[in-house]
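S.K.: Let's see this in three dimensions:
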Amino acid sequence: MSRKHTRCRRWAAGACGVLLCASLLGGCAKTPEDSVVKLKGEAAGGGYEEAESAGGGQTLREILAAPEHYESETKDPTGKLTVITDAQVEIPEAEEVDTIAVSQHPFGQEEIDRITEALFGEADIYDYYSYTEKTKEDYRAWIEELEGYVAAGNLDPYREGTDENGNYIYDIYGVIEQAKRDYENAPEEAERKKVRPQYGLEVGIGMGETEVMEDSFSGIVDTGDGKLYQYDIFSYGPVPMRVQVKRLGNTAHAGLEQPEWWAYQDMEGGELSYPDEEEIKTKAEISLEEAKEMADEKVSALGISDMDVVSWDYALRSQAWEEKGGGDFWENEENQAGYLLHYARRLSGIPITHTVDEGGAYEDIEGTTETWSYERLDFYVTKEGVDRMDLTNLYDIGEVRTENVKLLPFSEVTAIYEKMMQIQNADVLNYEDSRTYRIDRIAFGYTRIYEPSTDSRQGVLVPAWDFFGSFEVPGRDNAKTPSQSFLTINAADGSVINRGLGY
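M.R.: Numbering: from 1, shown residues only. All right, here's what the predicted structure looks like:
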């Protein structure tokens, strides 16, 4: 029996806190006194004014009249919404900035072959489903393990907790019974099938059924040095191109385990106990520069031009949930420390600013327009090399749209910022008693905007300001997300760009 496989084409909308901002994008004017936004189509088309020649070799910071540090404090009329800014102002070393056309890089079989060759050379690649099919011996071992937990009185071995009625979320008795039923149909030996990564493969999914993977591929790569990697390629909705490579852990009862990666700064303020930053740095046993060298080799092999590390963090690789809280984290040899490296284009010295937003959201929940998320390239690196890679939506860099685009002075940008932080967050007071934003980083760089209703695979890189930090709500544990931009302002025309939407 065969059935077609397709992926859901619905992309989740952006956070509700920015919907008001999105609704304001229909205005048209130039100054903060009149309006803070312009027409989306005009901006996406790249119709910007060219600056007069600066002369004298002025830097962008001098042209923008921007300080190295900026402080301010604003409140709404009720005094319940406060924005405190005490921020470093990051501006790249450059004398001018252009707007640049970009388009979606083609992603067909030729590109899949090229990426596969660059990453793995002549390594053997197997169909994931055939490689991970469990045999009778696998099921026997798994059943014995689970029954051992029961005999020891441990009914929640994976620490999934209980539901509102006090029942264990992980039904260990039900899992054992299902494993016994699956044992009866399991093969004595698994037949691992070598494949060429591609869309359209028909794969077995058990019980005699197969699926045609029309817009995805999943394989296991044996590099011949004792390491196994899961290799996934897929396309859906706003993501016509995504490539993920993950090093696998030990062979276990559930197939091949995928250790989880955790960015260090994202762990701060959480409930679980983790090693501190200094311990992670020591345990990594490599420097940031050495990690970058390893990742740079992959970028070079992939042939992606103008890519550079624009943001990084320490990271932890955790083999299993029970190793992440309490006890000695390092007792499990699969648990490792390393680095998370965010790569982005750097064009004429101006980087594309990294943020947590992926872009490509719909403007409303019923949206059906084809959308397009941002280009992204991330690496997790340990002393053993690149452990994980995530590559999404490569751009083709096109022609310059506007040379030496005219930029708003920093004072005008901050006037827009202080006004819009109050406007776009006004609705939070409907369900919070108060909120305080603390902005500690202001960054100048490129972002990609586009007009999805006109062309969902063409866009423009425009200079923009992003405002990073954290916020506090009384009675709530507020963990900081360092790469979340709370406001993005087009540096050329002052329009507010919705990061979730991408325009």
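S.K.: tell me what the helix or strand hosting residue 411 is packed against?
M.R.: If you go by DSSP states H and E, residue 411 is part of helix 410-424. Packing partners of helix 410-424 (3 or more Cβ pairs under 8 Å, 6 or more residues apart in numbering; DSSP states H and E): helix 19-23, strand 69-75, strand 81-90, strand 455-472, strand 485-490. Yep, even glycine has a C-beta here, placed from its N, CA and C like the rest.
S.K.: quick one: strands adjacent to the third one?
M.R.: The pairing partners recorded for strand 81-90 under DSSP bridges are strand 69-75 (antiparallel), strand 435-451 (parallel).
S.K.: Residues contacting the next helix-or-strand element following that strand, please?
M.R.: Beyond strand 81-90 in the direction of the C-terminus, DSSP H and E gives the next helix or strand as strand 99-104. With contact meaning Cβ atoms under 8 Å, 6 or more residues apart in numbering, strand 99-104 is reached by 46, 48, 240-241, 347, 372, 393-402, 405, 446, 448, 457-463, 492.
S.K.: ok, back up a step: residue 215: which of the helices and strands packed on helix 410-424 is closest?
M.R.: Comparing the helices and strands packed on helix 410-424 by their distance to residue 215 (Cβ to Cβ), the top pick is strand 455-472, with 16.4 Å.
S.K.: Which elements pack onto the closest one?
M.R.: Using 3+ Cβ pairs under 8 Å, 6+ apart: strand 455-472 touches helix 40-44, strand 81-90, strand 99-104, helix 410-424, strand 435-451, strand 485-490.
S.K.: Least confident of those, on average?
M.R.: Lowest mean pLDDT within the helices and strands packed on strand 455-472: helix 40-44, a mean of 46.
S.K.: Turn the helices and strands packed on helix 410-424 into JSON lines, columns for distance to residue 125 and mean neighbour count.
M.R.: Listed next are those as JSON lines, based on distance: least, Cβ to Cβ, whole Å; neighbours: other Cβ atoms under 10 Å:
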{"stretch": "helix 19-23", "distance to residue 125": "42", "mean neighbour count": "17"}
{"stretch": "strand 69-75", "distance to residue 125": "51", "mean neighbour count": "13"}
{"stretch": "strand 81-90", "distance to residue 125": "42", "mean neighbour count": "18"}
{"stretch": "strand 455-472", "distance to residue 125": "29", "mean neighbour count": "22"}
{"stretch": "strand 485-490", "distance to residue 125": "38", "mean neighbour count": "24"}
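S.K.: Out of the ones you listed, the one nearest residue 265 is which?
M.R.: Using Cβ to Cβ as the criterion, the shortest distance between residue 265 and these is 10.8 Å, found for strand 455-472.
S.K.: now the angle between strand 81-90 and the closest one, please.
M.R.: 110 degrees (axes from the mean of the first three to the mean of the last three Cα atoms, to 10 degrees).
S.K.: if you average pLDDT over strand 455-472, what comes out?
M.R.: 95.
S.K.: mind listing what it pairs with, with the direction of each?
M.R.: When DSSP bridges is applied, strand 455-472 pairs with strand 99-104 (antiparallel), strand 435-451 (antiparallel), strand 485-490 (antiparallel).
S.K.: where does residue 196 land in three-state SS?
M.R.: Judged by DSSP: H, G, I helix; E, B strand; the rest coil, the three-state class of residue 196 is coil.
S.K.: thinking again about what came up before, right, and the helices and strands packed on helix 410-424 - which one's nearest residue 219?
M.R.: When the helices and strands packed on helix 410-424 are compared by Cβ to Cβ, strand 455-472 sits nearest residue 219, at 27.2 Å.
S.K.: the inter-axis angle of the closest one versus helix 410-424?
M.R.: Strand 455-472 and helix 410-424 are oriented at 80 degrees to each other (the same axes, to 10 degrees).
S.K.: Flag the shaky bits of the stretch 1-150 of the chain, pLDDT-wise.
M.R.: The stretch 1-150 of the chain contains residues with pLDDT under 70 at 1-46, 53-56.
S.K.: which residues touch residue 394?
M.R.: Taking Cβ under 8 Å, 6+ apart, one finds 104-105, 107, 241, 304, 375 in contact with residue 394.
S.K.: Scan those residues and report the most crowded one.
M.R.: Highest neighbour count within the contacts of residue 394: residue 375, with 23 neighbours (other Cβ atoms under 10 Å).
S.K.: My read is that it contacts residue 390, right?
M.R.: No - applying Cβ atoms under 8 Å as the test, residue 375 and residue 390 come out as separate, 11.4 Å apart.
S.K.: Quick check: which ranges of the stretch 151-300 of the chain have low pLDDT?
M.R.: Using pLDDT under 70, the stretch 151-300 of the chain drops low at 206-208, 250-257, 266-274.
S.K.: which residues of it fall in helices?
M.R.: 172-185, 264-267, 277-284, 288-302 (DSSP state H, counting those that start in this stretch).
S.K.: Many thanks, I have nothing further to ask.
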